[in-house]
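Engineer: Structure for the following, please:
(chains A and B)
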Amino acid sequence: MGQKQETRDVIIEAAYGCLAHYGPSRTSVEDVAQAAGVSRATMYRYFPGGRDQLINDVVAWEFHRFFVRLYEAVRDAETLEEVIERGLFVAHRAIKEHEVLQMVLRTEPEALDVVLESEVASTRVQISEFLLPYLERHELAPGVEPGEAAGFLSRMVLSYIGAQGSWDLSNPEEVSRLVRAELLAGIVPREPRTLTLRQI
Amino acid sequence: MNSSAARSLHVVPPLGAEITTNDSSSKRLRIIDAALECIAVEGIKGTTVEDISTRAGMSRATLYRIFPGGRDAVLGAVVETEIARFFSGIAVAMGSATSLEGVLVAGIFDAATRLSGSPALSTILRLEPWLLMRHVSFGEMDRLLSVASDFAEPFFARWLEPNEARRAAEFAVRTLLSYVIEADVDLDLTEKKSVERLVACYVLPGVEALQRAE
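Structural biologist: Down below sits the predicted model:
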């Protein structure tokens, strides 16, 4: 079992390397087999769906790695404001600088379809669960329920990670303004009293 | 206000309207509506030129005369027409709102109700949702936000400065899209009360905070 997992990982990593070097349209099952040092028969044993399955699995693998890296970057943030600001800033930059993603978007965006459709909802739930303790520790505006607020925030966070619209998320001041207005204005009390709370 | 904006959006007649201008524009609409009906049954991938021309009651040759680009051209026209119909419908709801909160509620509620009531869109969401995801992510989402904000901005301009109106429009569109792409078990945007709560608790405070911050 451990052996099998290893071979699969080797193939996935080789496929990711091929994608990065040649682009999705010029990555074939043969190229990946050669790069991974496995036979075509082995390739089809692990990826019976051929090239489509291979590309989908590589995209899903990198999708998860992306969010693991994001989690590592924000997990030690102390306040609700800080965790969302840092998360948006880091994620936006990571997507802009993600050469493989940008190349796939330019040349074969349909390679993302299946993964976006199957993974976005579960990722949103994970973001919501991650934010919940931050909300439970934070002073909230009257009538705001932490679970519902975490749901709304996870939706907005994913929306802004996917597309910044008219905001400039590479500018930390804009990120801070966005978070304090659109994301948190209804959730935290009008005058944030983080300082006083910390003194207690 | 906004009656001119609303009027200018009425470039595409509603479904089933009589077209008497000329023969080819009436055929064009017949093809578009036939394609919509096909999509509502088979989805996008399962809809062929043959299906569309049969349902429209005309030959394939006639269809290609009106849409030389074939299937892709018809599908492009379907999207364009549906968007125009969609916006002209929402314009009426938003134009008659009497407060900032009212225009947010009207826009989100009306848009969500129209989207969930579209047989073609429901079939796509059920059979082939991955075809939509690309359009609500990354660069495509930026374009979509921009088009939708261009439309919604004038309706906010009565209560907000131009730059605030644009931000508010974009924020509302973003919120709407998030709940359309992934329905929420607790917040059903086709229920007025849910939209009122969403707007009062999250969207309106955000817009008001933008006003203070700009």
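Engineer: Please name the residues that touch B:G89.
Structural biologist: Counting by CB atoms under 8 Å, 6 or more residues apart in numbering or on different chains, B:G89 makes contact with B:D110, B:R114. Just so you know, the C-beta spots here come from the backbone N, C-alpha and C atoms, and that holds for glycine as well.
Engineer: Okay, and it sits in which element?
Structural biologist: Taking DSSP states H and E as the definition, B:G89 sits inside helix B:70-95.
Engineer: tell me which residues of the helix or strand just after that helix are tucked away?
Structural biologist: Next helix or strand after helix B:70-95 toward the C-terminus (DSSP H and E): helix B:100-116. Neighbour counts using 16 or more other CB atoms under 10 Å in any protein chain shown place B:100-115 of helix B:100-116 among the buried residues.
Engineer: which parts of the helix holding B:G89 are buried?
Structural biologist: B:71, B:74-75, B:77-78, B:81-82, B:85-91, B:93-95.
Engineer: can you give me the angle it makes with helix B:100-116?
Structural biologist: Counting by axes from the mean of the first three to the mean of the last three CA atoms, to 10 degrees, helix B:70-95 points 150 degrees away from the direction of helix B:100-116.
Engineer: thinking B:E170 is in contact with B:D142, fair?
Structural biologist: No - using CB atoms under 8 Å, B:E170 is not in contact with B:D142, being 10.2 Å away.
Engineer: Which of the two has more residues huddled nearby?
Structural biologist: More neighbours surround B:E170 than the other of B:E170 and B:D142, with 22 against 15 (other CB atoms under 10 Å in any protein chain shown).
Engineer: tell me the domain boundaries of chain A?
Structural biologist: Using automatic domain parsing, the domains assigned to chain A come out as A:1-48, A:56-199.
Engineer: got any ranges where chain B has weak pLDDT?
Structural biologist: Applying pLDDT under 70 to chain B flags the ranges B:1-22, B:214.
Engineer: Now do the helices in it.
Structural biologist: B:3-8, B:23-42, B:49-56, B:60-66, B:70-95, B:100-116, B:119-127, B:130-133, B:138-156, B:162-181, B:192-198, B:204-213 (DSSP state H).
Engineer: between these, which gets nearest to A:Q126?
Structural biologist: With CB to CB as the criterion, A:Q126 lies closest to helix B:162-181 of the helices of chain B, at 15.7 Å.
Engineer: which residue is nearest the middle of chain A?
Structural biologist: By CA atoms, centre = their mean, the mean C-alpha position of chain A lies nearest to A:F67, the distance being 3.8 Å.
Engineer: Surely that residue touches A:Q126?
Structural biologist: Yes - if you go by CB under 8 Å, A:F67 and A:Q126 touch, sitting 7.4 Å apart.
Engineer: Which residues of chain A lie near chain B?
Structural biologist: A:95, A:105, A:109-110, A:112-114, A:116-117, A:120-121, A:124, A:141, A:143-144, A:148-149, A:151-152, A:155-156, A:158-160, A:162-166, A:177, A:180-183, A:185-187 (CB under 8 Å from any CB of the partner chain).
Engineer: Contacts only, for A:A163.
Structural biologist: Contacts of A:A163 (CB under 8 Å, 6+ apart): B:S137, B:F138, B:G139, B:M141, B:D142, B:L145.
Engineer: and the nearest residue to A:Q102 once chain neighbours are set aside, how many neighbours does it have?
Structural biologist: In space, and not counting its chain neighbours, A:Q102 is closest to A:K96: 7.8 Å by CB to CB, 6 or more residues apart in numbering or on different chains. Counted with other CB under 10 Å, residues neighbouring A:K96 total 12.
Engineer: Give me the secondary structure label for A:A77.
Structural biologist: coil (DSSP: H, G, I helix; E, B strand; the rest coil).
Engineer: Roughly how far does it sit from chain B?
Structural biologist: 21 Å (CB to the nearest CB, to the nearest Å).
Engineer: That residue contacts A:R86, correct?
Structural biologist: Yes - using CB under 8 Å, A:A77 makes contact with A:R86 at a distance of 5.4 Å.
Engineer: Neighbour count: these two, which is higher?
Structural biologist: A:R86 (18 against 15).
Engineer: residues touching the nearest residue to B:A112 once chain neighbours are set aside, list them.
Structural biologist: Ranked by CB to CB, 6+ apart and with sequence neighbours excluded, the top spatial neighbour of B:A112 is B:L189, at 3.5 Å. Going by CB under 8 Å, 6+ apart, B:L189 touches B:I108, B:F109, B:A112, B:T113, B:L176, B:Y179, B:V180, B:V195, B:L198.
Engineer: Just say helix, strand or coil for the spatially closest residue to A:P146 that is not a sequence neighbour.
Structural biologist: Distances taken as CB to CB, 6+ apart place A:L135 nearest to A:P146, at 4.1 Å, with adjacent residues excluded. Secondary structure, three-state DSSP: A:L135 is helix.
Engineer: quick revisit: quick check: the two most widely separated of the contacts of B:L189?
Structural biologist: Largest pairwise distance in the contacts of B:L189, by CB to CB, is 14.0 Å, between B:T113 and B:L198.
Engineer: Alright, calling it a day.
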